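S.K.: Structure for this input, please:
(chains A and B)
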Amino acid sequence: MKHTNRLFKGALAVTMVIMSGSLYAQNAGDIISGVVEDSEGPMMAVNVIEKDAAGRIQAHDITDMEGNFSFRLVNPKDRLVISYVGYETVDIPINKTYFEITMKDNTLIEPVDIIAEKVAEGPLPIPIREMSTVQTTIDMSEFEDNAMTSVDEALQGRVPGLDIVFNSGDLGARSTMHLRGVATMTGDANPLIVVDGIIWEIDANLKNNFDYVNESQNNEKVSELLNINPDDIQTINVLRDAAATALYGSRGANGVMEIKTKRGSRGKTRVGYSYRLNASWQPIGYKLLNGDQYTMYLKEAFFNPKMDATLVDGIEEINYVEDFSEYRMYNNNTDWVGAVKQIGLQHGHNVTVDGGGEKANFYLSAGFDDQENSVIGQKLYRFTNRLNLDYFISERISISTSFNLTYSRQRNNSTAIGTAMRMMPNLAIYYEDKNDKSTGEFYHMLPTANENLPSNTNPIAEAAEKENYNTSLNVGSTFSVKYNLLGLDPGETQLSYNGSVNLTVSNSDGDQYTPQSLSRNGWSDSNANSVSSNASKNQNITTNHSLRFIPHLNNPNHSVMVNLSYELRMSNNKSQSGGLSGIPSKFKSIGLPGNVKSMSTGAGRSRQIGISGVVHYSYKSKYSVDFRWRTDGNTRFGDANRWATFPSVSGRWNVIDEKFMQGIARSGYLSMLGITGSWALQGNSPGSDGMFYSKYSSGDSYMGETSMKPDNIRLSTMQWEETNSVDFGINLGFFRDKINVNIQFYDRVTSNLLNSGYSIPSSSGFNSLSVVNGGKMRNQGWEFSLDANRIYSTRLLGQEFNIGGGMNLADNTNQILEMNPTMLEKMTNDFDYKNGSYLSYVALKNAFGSIYGFKSHGVYQYSKWSAVEDPGVSGPNAPVARDADGNVIAVEKNGVMYTRPMMYDYGTGRTNYEFVGGDAIYEDINYDGNINELDIVYLGSSLPKLNGGFRFNVSWGRLSWSNNFSFRYGNRIVNGSRMNAEAMYNTDNTSAAVNWRWRVEGDETVMPRALNQYGYNYLGSDRYVEDGSFLRWTSTNLGYNIDPKIVKKLHLSNIRLTANLNNVLTFTKYSGLDPESAGSGGRGSVAKDNSQTPRSKQVSFNVSVRF
Amino acid sequence: MKKIKSYILAAVMGLTVSSCNDFLTLMPLNEVVLENFWTNEDDVESVLRGAYAALESNDCLVRMVAWGEFRSDNIVSGTDNTQSSDDLNKFIDENINENNELTTYLCFYKTINYANTVLHFAPEVHKKDPNYRGGQLRAHQAEAIAIRSLCYWYMLRAFKDVPYVTIPSIDDTHDFFIGQTPYAEVLDSLIYDLDRVKDWAWPHLKKDLTNAANSSRFTRAGIYAMLADMYLWKGDWDNCIKCCQYVDSVKRLDYQTLLEQKGTSLNIELIADKYPLIKSVNGEGQTGLAYNEIFGSGNSFESLFELPYGNDRSNGFVSSYYNGSTPTVGRVKAYTPIGKIGDATSVFKSPYDSRYYEDLLKSGSYYGIVKYVYQKMDYKLEGGTLTITNNQNNNRPGAVRQNNSASPNWVVYRYTEVMLMQAEALIMKAKESGFANAADSAKALTDAFEIISAIYDRAIGKAQYTLATSLKIEDYKTIADFENLVFDERRRELLFEGKRWFDLVRQAMRNGNSKDIYTAVSGKYEGNTRSIEIKFNNPYGLFLPINKEEIKINDKLKQNPAYQRTDEVIQKAK
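M.R.: Numbering: from 1, shown residues only, chains lettered A, B, ... in the order given. Okay, the predicted model is just below:
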């Protein structure tokens, strides 16, 4: 009220002044004229404006060839503003009718560091030192030299508590990101991504309705979220604690990543172009058997189970029989894995144009990527375009609009490496003529080939002939208005309104085609000449209105800021897919006649409303308190539980400002000591809409007539999943904030856990409820980060020399506190007694991701036991039952020692297998002479004890060098790919390590005998559980700016050259290809490396030019 | 001015919030929701059809036959030993445990839930839709109750005690975790329900008596047949006989109607002036007509309730378990002793018994099951030898049903079974001295014999083959002889129709011991049969265990005591 009064008075005064007209010499209607010059003489085409108090243009002229201007004055109270690109703007009162103005070239002025108070990203300009929430802001200029293609690459090992794992090296595949552990049992646990204030969210319905061909494609769909050109990003702000994400209500439960794109700034139009060349290659994998070793191994594998040589003789493909018609195709030594690898090249072009003037700023960029992976058959084209425009109508009103577009087309072929590893190495890639010469025509195994042999399709032919394309087009457009309703100066009370409307459309389609030539069974194969196609459309409209109020208080010790906002979001989606097989050759349309394999359509829509607010109060910047809240309502809940409010409170005490600390503070060694604490409640809604409806769908027909049936049990009691978080942190600054240290402790307890697929008794007519609330989960952990971006600067050999760096560490433990016993039972499956499977076991108070299995101890040397070795016949290392002291349980009868055999799963009628020489030894924990479920023990956790990263950068003059490292420590991985490569259970090609296998009685080795479809030699045991700790030198980057003198001569403003190595080195004990490819584990599953395409190594060169 | 602006802004925001709830109410686009459903008669009809369709699912059919017959002395494992039939083989070999897939019963409860849904909402629709008359409502209710009762009836005979649910599962506020209700209580409840609604059902759904709807949906006769079956198990002979007689009367009336419509071309004859049955003999001295109509084309005159399969619904059970389009032995085959014919100890005592040829086919040393598999049987019986008249390749009588072109209907209740129920009830009543005097008792036995004879004579083609000899009443001296006769005739007549094991169980329950079952069945097991004998000595051993998945999630369910075992304590983490 006070300030409005003042305003009113001011307005009154102005009115009086205008009315009296006596204080000024000039009157409205007078001609104002003048001349504009710079140091070299008169300036042409300079903007001359009469601007009123609100910044609106009242009159306007442009100088002529002699630099003259003139216009008719509208209001003598207005100011004269003269501006020209590249010159300092002149802003003077209109106190005379003729002006002589000299403009100063601002490009000549030495840059001056503007020391202003840094403020946080977010709805309120809260000074950094008053911030009580935890967030990490990364300026992307830091990554100027990095050759990354997506945002997650830049963030790995960079943000404390953000665990990023790249599961696969396939093009476009996305990483898994978990911030402070996983706090939900269902749905997506990746952080929410917000780009320029707009939530990027893939509609859950779309994911549910859409029948993706495989999961990797689903991942690709999600990865499009991160398809923002990294060159366009200004900052990434990761909101880590619950108090900060409370503003995003139900959607911020997994953390929030706010991405801000670049906008234009006032000044000359700048044009930049950069070109990047990137080469990638696959790491060297397991050494596999060659053709000869393979056929020998296979003969043993067929012979061993039944000791029957006739089982081997019939297989012409491995016997090198010359009169076999296909003999030439099976007498080779083919390196299949080598054949599917290649050096993948990527060309990237990026153009940016930005600039701005008095009235408008603009930023325009266009990028084009042409990428080929290090595995054949994978390609990606991507075109990105972004336009950000800001127009200042007046000092009070400004509008901005953004437009962005991403188009990508991708060819998938994710199975090549896996298939190549399994292929028979004695098989030829190409058909060979009589002289063993390749004809260049792909060879496929005949349908009549022995059915025990691997029946995979030739992966080289598949890469060449099978088509699997994904195309996506994402377009987003935002229009926003900002209106300052009250004061303009920082010294006045401010009230501003900000409104925006955003429309995002993302369309994607996929096309797959498998020609008949790839089907071993010819036309009778259901995949012969099959074509499938899917398309989806997704539309989101978001509108946001917010009011920001910053009162000017007379007592400068107090500061208050308030922001209120209202958000509404609507989304619609549609999808359809269809597949045909047996269509005419050479045609690839699903409009053709053929056998319909699949046909489905889906449609969905959802709406959300969120009302949120922030209040910030600070006393002398020493004590700060924030209150944030959000009330959320969405269509995923029924009337009863639709609305929920999620509040948070946080505070900060800057101890350094206290009197008793002043001595230390003045010394400068300790420049910041702040303590923060917060409490927040967060919510999470289930992944799909409409679960509270009882739905009916058409059932099978009866007597030729259609029927209807109820589909589900409606969930009217379903509630929000709630997370209570408590955070405590210490902020430290040393050496005038050259080093910043932040330590955080958190404790998050999620209750009302949403469990999907909750089993209910069949007597209900259903076997599960789609979602049920129940259970409690706790995530506890700490984070440590140290930033010292310019810790040391000096002048070295006449050039400026800087060193900087940073590091972060984090640990998270996750456990279930309470859980419905039924749910627990469901997650704990009975051991299935099959090769390769690990018991899954989830218990209260135990961490997720624990690995349970047998203990293995090498291989039995002999089948027959004798206390003393009889070489080649019998020995002490034989499968007999022993007691707790390790003594063999034996009974003497008629002078013969009878021992008890070692059995597997005895007496249940399931397997009853008796171990013999050459079989793997498993520890008989309970000494009952029987290896069964009771001998399973804990083998380690798939969750790391510690993860994090560190970085350092050095710059000397125009040369800069930066390095990034990331690590995980203390996690264990089930090496599934080694398990498959050494299983010797089927006819797939295997690791060369099996050359050491047990062959005859008495062999001493750790590699069991070859057994095709027989035996229990690769039970889930510690043999495959490995330490997954690693330290990865993720990237090293070298940048150099060419001498400005040379650049000037070329009429350019800057040329920068950079070279990068990505995935430089990995220090690990893990024997597999990539300790990261095991995924992160968690939510009841163990981390298992299933031989996905590993991350490639990359080298790239980049040239960027500024005009 | 500024203030006004903020007020307007606040007002706009406020308005939007107040209408939020409407804004946030979205109906799913892909599905019909309850709020928009149940408005007219069609909705009731279509969900009722959904219940029938669920009953017709392959899962249900497999269980109906597996539970009703596979454990019996009629069935042994077939040659098609795919991995998936592992549970099946264990089931047949009496090596059943709580992990066996065939002990799951979700498919029946699904059907029950659909029926319960109809029963819950149909009265509401009746209030809303003026065209939905009370008579039609009651008919729908009768059908829904009949479907529900049939499901429970199968589960009751297979598991003894089962969870009994009569309200639909609509909302998650409902308590789904319930225990079993005792057998007798459920049976009484089923009888009460059926007795209440038996006359609500239409006598015929379609005027044309040959229309499939008259036997593929529950009519009065179908409900009476089921009710008779239940009374038989309960030991309520009078009510059983009453129900059977009602079915007799319906059939006789239908016969009269058809006779008027079709005249002499009708293939039905009135045996013993009482029982209208399809003639076995087909014109030119060939036999197999009754088979062709009952199992071949389906929905025959004798059918009381059967599941219709056809082009849009294929009978996967028959094609994979009995025989597919290639008539070799399927997943199951006949227990070999059934293959003997013509001597006193064999199942088929008369070499003229057409059912022998219609049901079995020798394939090597085995007997494959061909009932339902063949669409047509045409052969001649002369002097006890079979002459195939319609000689297809491989000496197979009749045409093999093509897997894709037509699937056989599955008969749940047919007239001859009801006749045999009546015979059984008469004999049992006599046995238990339920009649007022000896004369009535003797009359009952004669009546029962007459019924059995009628069925037997039809099967041996008495009308055609003079050499074939009918049953002689002199051979049956004691009531026990009659009792055996009715069971033997049931076995012959209803072979491979999913009835034999239930018959054995009913007999054992009645006798209070399972000796007969063990004697009948033990021959088919190899190896140690002692454990099976011990199991059968436990009365619960004749019933199935509750599936492990059910027990695991629902602590109110109690495992069948014959299958309880001390749970292995699993020592997991060190």
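
S.K.: all helices of chain A, in order?
M.R.: Using DSSP state H, the helices assigned to chain A run over residues A:2-20, A:151-155, A:204-209, A:215-223, A:242-245, A:291-303, A:310-313, A:336-340, A:416-422, A:459-465, A:662-667, A:821-827, A:976-982, A:1044-1049.

S.K.: Kindly report the same for the stretch 251-400 of chain B.
M.R.: Assigned by DSSP state H, counting those that start in this stretch, the stretch 251-400 of chain B shows helices spanning B:289-291, B:316-317, B:354-359.

S.K.: nearest residue to B:Asn188 other than its sequence neighbours?
M.R.: Asn isn't right for residue B:188; it's Asp. Excluding the flanking residues, the one nearest B:Asp188 by CB to CB, 6 or more residues apart in numbering or on different chains is B:Lys234, at 8.0 Å. Glycine gets a C-beta too; all of them are placed from N, C-alpha and C.

S.K.: Could you look up the SS state of the closest residue in space to B:Trp233 that isn't next to it in sequence?
M.R.: Of all residues not flanking B:Trp233 in the chain, B:Arg506 sits nearest, at 5.6 Å (CB to CB, 6+ apart). Using DSSP: H, G, I helix; E, B strand; the rest coil, the structure places B:Arg506 in helix.

S.K.: Quick check: A:Tyr327 touching A:Tyr320?
M.R.: Yes - between A:Tyr327 and A:Tyr320 a contact is recorded at 7.3 Å, counting by CB atoms under 8 Å.

S.K.: what residue ranges in the stretch 851-1000 of chain A score low on pLDDT?
M.R.: By pLDDT under 70, the weakly predicted segments of the stretch 851-1000 of chain A are A:908-910.

S.K.: Alongside chain B, which residues does it contribute?
M.R.: Neighbours of chain B within the stretch 851-1000 of chain A, by CB under 8 Å from any CB of the partner chain: A:Tyr852, A:Gly909, A:Asn926, A:Glu933, A:Leu934, A:Ile936, A:Val937, A:Tyr938.

S.K.: Farthest pair within those residues?
M.R.: By the measure CB to CB, A:Gly909 and A:Tyr938 form the most distant pair in these, at 28.5 Å.

S.K.: now the closest residue to chain A within chain B, nearest residue through space, not along the chain?
M.R.: Scanning chain B for the residue nearest chain A gives B:Asn113, at 2.6 Å (criterion: CB to the nearest CB). Using CB to CB, 6+ apart and skipping the chain neighbours, the partner closest in space to B:Asn113 is A:Gly765 (2.6 Å).

S.K.: What is the burial count for that neighbour?
M.R.: For A:Gly765, the count of nearby residues is 27 (other CB atoms under 10 Å in any protein chain shown).

S.K.: Need the per-residue pLDDT for it.
M.R.: Confidence at A:Gly765, expressed as pLDDT, is 93.

S.K.: Over to A:Trp336?
M.R.: According to the prediction, A:Trp336 has pLDDT 92.

S.K.: List the residues that contact A:Arg958.
M.R.: A:Gln799, A:Tyr1040, A:Asn1041, A:Ile1042, A:Asp1043 (CB atoms under 8 Å, 6 or more residues apart in numbering or on different chains).

S.K.: thought A:Pro593 was touching A:Ile583?
M.R.: Yes - using CB under 8 Å, A:Pro593 makes contact with A:Ile583 at a distance of 7.1 Å.

S.K.: Of those two, give the one with the bigger neighbour count.
M.R.: A:Ile583 (21 against 10).

S.K.: Skip the chain neighbours and tell me the closest residue to A:Val353.
M.R.: Of all residues not flanking A:Val353 in the chain, A:Leu364 sits nearest, at 4.6 Å (CB to CB, 6+ apart).

S.K.: Can you name the residues that contact the one you found?
M.R.: A:Thr352, A:Val353, A:Asp354, A:Arg386, A:Leu387, A:Asn388.

S.K.: let's go with 10 Å and repeat that
M.R.: Counting by CB atoms under 10 Å, 6 or more residues apart in numbering or on different chains, A:Leu364 touches A:264, A:269, A:271, A:351-355, A:385-389, A:403.

S.K.: Neighbours of B:Leu266, how many?
M.R.: B:Leu266: 16 neighbours (other CB under 10 Å).

S.K.: Actually, B:Glu94.
M.R.: 18.

S.K.: ok, it touching B:Lys535?
M.R.: Yes - the pair B:Glu94 and B:Lys535 passes the contact test of CB atoms under 10 Å, sitting 7.5 Å apart.

S.K.: A:Gly683 touches A:Ser648, doesn't it?
M.R.: No - A:Gly683 lies out of contact with A:Ser648 (CB under 10 Å); the separation is 11.7 Å.

S.K.: Could you name every residue contacting both of the two?
M.R.: Common contact partners of A:Gly683 and A:Ser648 (CB under 10 Å, 6+ apart): A:Ala246, A:Arg630.

S.K.: Could I get the CA-only coordinates of stretch A:189-202 as PDB?
M.R.: The C-alpha trace of stretch A:189-202 is given here as PDB (Å, rounded to 0.1, in the frame of the first residue of the first chain):
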ATOM      1  CA  ALA A 189      13.200 -43.200 -11.900                       C
ATOM      2  CA  ASN A 190      15.200 -40.900 -14.200                       C
ATOM      3  CA  PRO A 191      15.300 -37.200 -13.200                       C
ATOM      4  CA  LEU A 192      12.700 -34.800 -14.700                       C
ATOM      5  CA  ILE A 193      14.100 -32.700 -17.500                       C
ATOM      6  CA  VAL A 194      13.000 -29.100 -17.800                       C
ATOM      7  CA  VAL A 195      14.100 -27.100 -20.800                       C
ATOM      8  CA  ASP A 196      13.600 -23.400 -20.500                       C
ATOM      9  CA  GLY A 197      10.900 -23.900 -17.900                       C
ATOM     10  CA  ILE A 198       9.000 -26.400 -19.900                       C
ATOM     11  CA  ILE A 199       8.800 -30.000 -18.700                       C
ATOM     12  CA  TRP A 200      10.000 -32.500 -21.200                       C
ATOM     13  CA  GLU A 201       8.000 -35.500 -20.500                       C
ATOM     14  CA  ILE A 202       7.200 -38.500 -22.600                       C
END
